[in-house]
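# my questions are about this predicted structure, shown below with the sequence.
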Amino acid sequence: MSKNLQEYWRKNVTFMSFLLCIWALVSYGCGIIFVEPLNAIRIGGFPLGFWFAQQGSIYVFVCLIFVYYAYMQKLDREYDVHE
Amino acid sequence: MSILAWTYIMVGLTFGIYIFIAWISRVRDTKGFYVAGGGVPPLANGMATAADWMSAASFISMAGLISFLGYAGSIYLMGWTGGYVLLALLLAPYLRKFGKYTVPDFVGDRYYSDAARFVALLCAIFVSLTYVCGQMRGVGIVFSRFLEVPVNTGVLIGMAIVFFYAGLGGMKGITWTQVAQYTVLITAYLIPAVFISMKIAGTGIPQIGLGSTVHTGQYAGQYLLDVLDKLNTDLGFTAYTQPGAKSMLDVFCITFALMVGTAGLPHVIIRFYTVPSVRAARLSAGYALLFIAILYTTAPAVAAFARYNMIDTINDKPYAEAPSWFKNWEKTGLIAWVDKNNDGIIQYRAGKPFIGKPKFVKGKTGPLGQKIVANKLTNSPNELYVDRDIMVLANPEIANLPNWVIALVAAGGLAAALSTASGLLLVIASSISHDLYYRMINRKATEKQRLLVGRIMIGIAVCIAGYFGINPPGFVAQVVAFAFGLAASSFFPIIVLGIFSARTNREGAICGMLAGIIFTAAYIIYFKFMGGTKDQWLFGISPEGIGTIGMVINFVVTYVVSSMTKAPPQEIQELVNSIRTPRGAGAAVDH
């Protein structure tokens, strides 16, 4: 693999790992591990931990995929590997 | 017009559309049959993936399940959506660039081994077959409940429809019918949800209604979730929004196994081979989850509304004054009431009212006209049996919606079951006709022969699925844990390592897959079929969550064995480099 492509791949993996950290944080962090302390905080009628588990994590999941799509569009062009 | 007449119109109309689509998208070559020619636009693929993924269980049972489980139901909500993030970031773009037709294809080529291909093939068929039996049963149940035909006739009609459009159009036919089926099922899900949200929370957006105050009645002005917490605790259940009896580690493992299992399910992965480019694969994963999220964020709201409505209108009310939907569904045996203390009032409490599903004494009714249950009673003060499925099915009646909405829900349930069934059948057919017949038995097979084998395999798979739909093995519910556990512990690790670690070799992949599958299968078989008890669980992890451990074992074994054996050949290193960059994906399909 050329040096340029190695850099492309490294950037891809770094950004992907960052998104996966958010993925784990909202679902396993907010939705499962810290659900009880977060439930003490309320947003309107929602206990926050419960909201993350049944609503918030899903919204975040959708956003993560579109953010990754947009980032990779840019990265593909930058390294001239786009279709 | 009556509900029955409306249902015949709705179901007839939607089936007509599916058959019409199948006819105009019939195919003549294997590329069309396996991957719809690789020309499906991302938006359409997103809808098709959503329909493919959301089964009869998502449509009919999930909201009811959450309704009874409260917070604990979150494992399904997060588990069945979070996998798409893994799919979009770790698998879909690279598999699309690779561009072959099936999952065993990737495993076989990347690990330059027919043994690895064969193990992957067996897993793909097993996972898909266990899954499809449940779908056929779902078709039969919707038919019997709404169209008043016997379950078996319903299964046969479902088989004929699926065989027609999957056999004729292959992946192309399936894709475009799934787009139509998504439209039908999401409309059918949202209309009752919006109305019931307006009725209870005073807002037309269920996702907001879930966090709003109750609109009318004795709890008016209080937050719905607070009311549910209070009602649940008063009746002896765990508070609705709080974690229940399951240990945190177990919840963690089950959610993880469902996520990774979702990302590893062959009928989901295969959908990303149908789009024209890597860019389209990334984008369509986003659309797919968006379309799934519309239903998955509505479901917990429906669950909460249904639970509130059920307790509010039934509990501690005289049977004689029970609403009409209660008595309608009592007729179907999905609701049953035993007046344990002979006061004529329905008491709903925690615990089972009697043992097993209700069996009624024929031709006899109680003093108030209720059906008499023959089951052995329990000591629990609970007098009410409610099947979780009615939470969605009875919703339109509970919200007093017109008959055509009830008919639409029936058509939606059928769309959900048929779309998933057809996707699964295609995986079975393409695995056998492409991976087994063409790649391993007859490399010289012509296009025509391969297409014929594919169509015959769809026919055989439909018959097997139909047989199990008519004679459901008692273990259908148990084998769902199998499907996810196996997908998580077999495919996922070796596909991910195959993309992200060029050093992973044949020896590692085969050992890893076998170790993951054997461990997971042995654990599930021991606890589900050989009488293993809860106190023997490894670290307190239930069989539903053990796929997570199986996956870790697969990762570790693959990595360790790979680093101790010879590196893969140069051309595999080049293959890995090539799938990491998007350019040139279009050409890869024609191999």
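Looks like it came in fine. All figures in this text were calculated on a predicted structure; none of them were measured in a lab.
# indicate whether the biggest helix by length in chain B makes contact with chain A.
Counting by DSSP state H, the longest helix found in chain B is helix B:151-201. No. Helix B:151-201 lies out of reach of chain A by CB under 8 Å from any CB of the partner chain, never closer than 9.0 Å. Just so you know, the C-beta spots here come from the backbone N, C-alpha and C atoms, and that holds for glycine as well.
# show me the shaky parts of the chain.
Assuming you mean chain A. Low-confidence segments of chain A (pLDDT under 70): A:1.
# other chain: chain B
Within chain B, the segments meeting pLDDT under 70 span B:473-481, B:586-591.
# would you check that residue A:31 makes contact with residue A:55?
No. Using CB atoms under 8 Å as the test, residue A:31 is too far from residue A:55 to be in contact (9.9 Å).
# mind checking what secondary structure residue B:139 has?
Per DSSP: H, G, I helix; E, B strand; the rest coil, the local secondary structure of residue B:139 is helix.
# list phi and psi for the closest residue to chain A within the stretch 451-591 of chain B.
Across the stretch 451-591 of chain B, no residue is closer to chain A than residue B:581, which sits at 4.2 Å (CB to the nearest CB). Main-chain torsions, residue B:581, degrees, to the nearest 10: phi -120, psi 140.
# and chain A, is stretch B:268-278 touching that?
Yes. Shown here: stretch B:268-278 in contact with chain A (CB under 8 Å from any CB) through B:277-278.
# okay, residue A:31 and residue A:55: which has more neighbours?
Of the pair residue A:31 and residue A:55, residue A:31 is the one with more neighbours under other CB atoms under 10 Å in any protein chain shown, namely 30 against 23.
# what residues are up against the residue of the stretch 451-591 of chain B closest to chain A?
For residue B:581, the contacting residues are A:5, A:8, A:81, B:97, by CB atoms under 8 Å, 6 or more residues apart in numbering or on different chains.
# and stretch A:54-68, how far out from the chain's middle?
7 Å (CA atoms, centre = their mean, to the nearest Å).
# what about that stretch and chain B, any contact?
Yes. Stretch A:54-68 comes into contact with chain B (CB under 8 Å from any CB), by way of A:54-55, A:57-59, A:61-62, A:64-66, A:68.
# among those, which are located in helices?
Per DSSP H, the residues of stretch A:54-68 next to chain B map to helices at A:57-59, A:61-62, A:64-66, A:68.
# can you list the residues of the stretch 1-150 of chain B near chain A?
Neighbours of chain A within the stretch 1-150 of chain B, by CB under 8 Å from any CB: B:66, B:71, B:73-74, B:77-78, B:81-82, B:84-85, B:88-90, B:93.
# among these, which are located in helices?
B:66, B:74, B:77-78, B:81-82, B:84-85, B:93.
# would JSON lines of those residues with neighbour count be doable?
Formatted as JSON lines, these follow (neighbours: other CB atoms under 10 Å in any protein chain shown):
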{"residue": "B:66", "neighbour count": "28"}
{"residue": "B:74", "neighbour count": "26"}
{"residue": "B:77", "neighbour count": "26"}
{"residue": "B:78", "neighbour count": "28"}
{"residue": "B:81", "neighbour count": "25"}
{"residue": "B:82", "neighbour count": "29"}
{"residue": "B:84", "neighbour count": "29"}
{"residue": "B:85", "neighbour count": "29"}
{"residue": "B:93", "neighbour count": "29"}
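# so what's residue B:81 up against?
Contacts of residue B:81 (CB under 8 Å, 6+ apart): A:57-58, A:61, B:289, B:292-293, B:296.
# how about the contacts made by the residue nearest to it when sequence neighbours are not counted?
Distance criterion CB to CB, 6 or more residues apart in numbering or on different chains; nearest residue to residue B:81, sequence neighbours excluded, is residue A:58 at 5.0 Å. Contact analysis of residue A:58 by CB under 8 Å, 6+ apart lists B:77-78, B:81, B:293, B:296-297.
# residue B:292 and residue B:54 touch, don't they?
Yes. Under the criterion of CB under 8 Å, residue B:292 makes contact with residue B:54 at 6.4 Å.
# so which residues of the stretch 351-500 of chain B form helices?
According to DSSP state H, counting those that start in this stretch, the stretch 351-500 of chain B carries its helices in the segments B:390-393, B:395-398, B:403-430, B:447-470, B:476-500.
# what's the neighbour count on residue 29?
You didn't pick a chain, so chain A it is. Look at residue A:29: counted by other CB under 10 Å, it has 17 neighbours.
# that's the wrong chain, I meant chain B
14.
# correct me, but it touches residue B:447?
Yes. Judged on CB under 8 Å, residue B:29 makes contact with residue B:447 at a distance of 5.7 Å.
# chain neighbours aside, what residue packs nearest to the residue nearest the centre of chain A?
The centre of chain A sits closest to residue A:19, judged by CA atoms, centre = their mean, with a distance of 3.4 Å. Spatial nearest neighbour of residue A:19, chain neighbours left out: residue A:64 (5.1 Å); criterion: CB to CB, 6+ apart.
# how about the contacts made by that neighbour?
Residue A:64 neighbours (CB under 8 Å, 6+ apart): A:19, A:22-23, B:85, B:88-89.
# list just the nearest of the residues you listed to residue B:436.
residue B:88 (29.6 Å; CB to CB).
# burial count for the closest one?
Neighbours of residue B:88 (other CB under 10 Å): 28.
# distance of it relative to residue A:68?
For residue B:88, the distance to residue A:68 (CB to CB, to the nearest Å) stands at 6 Å.
# which neighbours do these two have in common?
residue B:282.
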